[in-house]
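Student: Below are the sequence and a predicted model for it; my questions follow.
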Amino acid sequence: MDIKLYKRTEVLSRLGCSSSTLHRKIVAGEICKPLICGVKMRRWPSNAIDEYIRNLKVDVDPTPVAPGAKKGRLKKGGANG
């Protein structure tokens, strides 16, 4: 099994999150810290990122929402309109 080293941009792309979210996940211990490969070079092993993605919980039965429901908006002509 070949292990690739991902750059920060590749990790962000794979996870579909922002740099701030990645940082929070590292601090929380959800994702491993990057390997230090040089003075300004940080890389994540592909197997660690792939394992994190495999272990993500997916909500297969989301809570149903009434069709046309919009949170935070008042109906025109209602009590406040």
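Tutor: Yes, it's here.
Student: Helices along this structure, start to end?
Tutor: Counting by DSSP state H, the chain has helices at residues 8-15, 19-27, 46-54.
Student: Now find how far off-centre the shortest one is within its chain.
Tutor: Using Cα atoms, centre = their mean, to the nearest Å, the mean C-alpha position of helix 8-15 is found 10 Å from that of the whole chain.
Student: Just the buried positions in it, please.
Tutor: By neighbour count on 16 or more other Cβ atoms under 10 Å, the buried set for helix 8-15 is 11, 15. Yep, even glycine has a C-beta here, placed from its N, CA and C like the rest.
Student: relative orientation of that helix and helix 46-54 in degrees?
Tutor: 30 degrees (axes from the mean of the first three to the mean of the last three Cα atoms, to 10 degrees).
Student: and helix 8-15 with helix 19-27, angle?
Tutor: 90 degrees.
Student: hmm, who's touching helix 8-15?
Tutor: Residues outside helix 8-15 that contact it (Cβ atoms under 8 Å, 6 or more residues apart in numbering) are 6, 18-19, 21-22, 34, 42, 44, 49, 52-53.
Student: then that helix to PDB, C-alphas only?
Tutor: Presented in PDB, the C-alpha positions along helix 8-15 are these (Å, rounded to 0.1, in the frame of the first residue of the first chain):
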ATOM      1  CA  ARG A   8      -3.000  21.400   3.300                       C
ATOM      2  CA  THR A   9      -5.000  22.300   0.100                       C
ATOM      3  CA  GLU A  10      -5.400  18.700  -0.800                       C
ATOM      4  CA  VAL A  11      -6.600  17.800   2.700                       C
ATOM      5  CA  LEU A  12      -9.100  20.700   2.600                       C
ATOM      6  CA  SER A  13     -10.300  19.600  -0.800                       C
ATOM      7  CA  ARG A  14     -10.800  16.000   0.400                       C
ATOM      8  CA  LEU A  15     -12.600  17.000   3.500                       C
END
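Student: Give the residue spans of this protein that score low on pLDDT.
Tutor: Applying pLDDT under 70 to the chain flags residues 1, 59-66, 68-81.
Student: excluding its backbone neighbours, what's nearest the residue nearest the centre of it?
Tutor: Nearest residue to the geometric centre of the chain (Cα atoms, centre = their mean): residue 17, 4.2 Å. Closest residue to residue 17 apart from its sequence neighbours, by Cβ to Cβ, 6 or more residues apart in numbering: residue 25 at 7.7 Å.
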